[in-house]
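Asks: Could you work out the structure for the sequence below:
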Amino acid sequence: MKITKLQVAQNQLITAIDLYFSDSDPISIHTLICASLRIFRDIATNMGDEDPLLKIIRPEKKKEWIKLMNTPQNFFKHADNDSDPNCSIEFNEDINGYFILDVCNLYQLQTKKSLPEIDLFLLWFFSKNPKLISDPIIRNNYNNPPAGLNIDNKIEFKKDIFPIVLLSKNKGIFLRS
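Replies: Next comes the predicted model:
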């Protein structure tokens, strides 16, 4: 099988989103999304770009930020610096959503397109976190999800919304993502 770096990163992103909406193992999700993120960041760097998230971090804090973000990923992948089998780490699985958001953004910036899985994730994420949106009109849209839509249950949300996302993609209808 011949596959490009972009295809690898895209497959990792889609799989991480699928696992995320299945409430699957957060460590596997984190490992996958970080692998995808690394590829997209490397591609951006090689194109003379930088991850937009890294652009907003103060230069003197960038190393500290990167170390903080990489610590769980490195713990999950390596044992060279911590080979004690009883060594442990405190992992907050809520961070996976923010990593997925970052990779969705990088994917869209680099490919100039979206995927149904990205649209699903963005609809859920911003419906769940409307206060993160700076534009008040867009924020209001996400502040008021349709009645009966359960944004607190990712499995139900995907079951209810993903068929609509797929249909809209096939029909060329724009969803708020």
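Asks: what about the helices in the protein?
Replies: 5-20, 26-46, 52-55, 62-77, 95-111, 116-128, 136-143, 154-171 (DSSP state H).
Asks: Of all those, which one is nearest S83?
Replies: Closest approach to S83 among these is made by helix 62-77 (11.8 Å; C-beta to C-beta). Where you see a C-beta, it was placed from the backbone N, CA and C, and this is true even at glycine.
Asks: Which other helices and strands does the worst-scoring helix or strand of the chain on mean pLDDT contact?
Replies: Within the chain, no helix or strand scores below helix 52-55, which has a mean of 72 by mean pLDDT, DSSP states H and E. Applying 3 or more C-beta pairs under 8 Å, 6 or more residues apart in numbering; DSSP states H and E, we find helix 52-55 packed against helix 62-77, helix 95-111.
Asks: gap between the residue positioned nearest the centre of the chain and K63?
Replies: Nearest residue to the geometric centre of the chain (C-alpha atoms, centre = their mean): I100, 0.8 Å. Per C-beta to C-beta, to the nearest Å, I100 is found 24 Å from K63.
Asks: for S114, same thing?
Replies: 32 Å.
Asks: more neighbours, those two?
Replies: S114 (16 against 10; other C-beta atoms under 10 Å).
Asks: Can you check the pLDDT for the more buried one?
Replies: For S114, the model assigns a pLDDT of 91.
Asks: go on, R41?
Replies: Value for R41, per-residue pLDDT: 90.
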